[in-house]
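[1] From the sequence below, what's the structure:
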Amino acid sequence: MAVAHLLCGPSLAGKSTVAEQIARVTGAVVLSADAVNAERGLPFGAEGLPESVWAETLRILLDRVHTHARSGHSVVVDDTQCYRWLRDRYRSACIASGLKPTLLLLSPPQHVLYERHAHARLNASREVLSLERLADHLARFERPGEDEHATDVSSAEALDAYLRVVQEAKVRRDA
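    So this is what the prediction gives:
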């Protein structure tokens with residue numbers, strides 16, 4: 001069965017890096033909310049735009065989940081999934097498409113996120129939210145509840161353990 005690796009974590013948590021690692025190990029296709037917004041010509045994080053902009057980004061991502069699932073491909077969804085309703089929507093769409101959803105949490109301490117933000121702004125190494133928008137995003141972020149069975153892959157050791165498990169499962173499926 002194809003898998004949907006659903007990344008959940010605030011901005012600057014390391015989701016894109018983890019998405020690439022999972023894709024490399026599993027062959028899954030990375031679907032990125034930031035990439036969809038960039039394709040649409042939107043500012044990073046769609047900052048300052050109405051919620052309807054994010055609704056369209058979500059629609060596009062879910063369409064891509066369905067498309068890849070129909071082709072039998074696993075996916076990695078690189079999005080904050082900062083609200084419970086959003087995670088539920090992704091999970092439902094994955095199940096309806098025949099994908100097994102797995103929620104992966106990246107949860108570095110807030111001071112680390114602010115340090116990454118300052119470093120990125122200072123070095124212009126990547127686009128980031130404004131400081132005000134980042135603070136609002138972190139204040140509104142809904143951490144997954146126990147009933148969501150998220151796997152915390154915030155540490156290198158936890159991520160390595162998860163990647164070993166998915167790699168072993170892939171080898172068994174391919175055998």
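[2] Find the residue at the geometric middle of this structure.
    The chain has Asp78 as the residue nearest its centroid, 2.7 Å off, counting by CA atoms, centre = their mean.
[3] now the helix or strand of the chain with the lowest mean pLDDT, how far from the chain's geometric center?
    Sorted by mean pLDDT, DSSP states H and E, the helices and strands of the chain end with helix 156-174, the least confident at a mean of 88. In this view, helix 156-174 has its centroid 18 Å away from the chain centroid, taken as CA atoms, centre = their mean, to the nearest Å.
[4] try stretch 126-142
    16 Å.
[5] What distance separates the opening and closing residues of that stretch?
    Its first and final residues considered, stretch 126-142 spans 25 Å by CA to CA, to the nearest Å.
[6] State the mean pLDDT of it.
    Model confidence over stretch 126-142 averages 91 on the pLDDT scale.
[7] Kindly report the same for stretch 79-91.
    Averaging pLDDT residue by residue across stretch 79-91 gives 96.
[8] what ranges do the strands span in the chain?
    The residue ranges that make up the strands of the chain, judged by DSSP state E, are 3-8, 29-32, 75-78, 100-105, 151-152.
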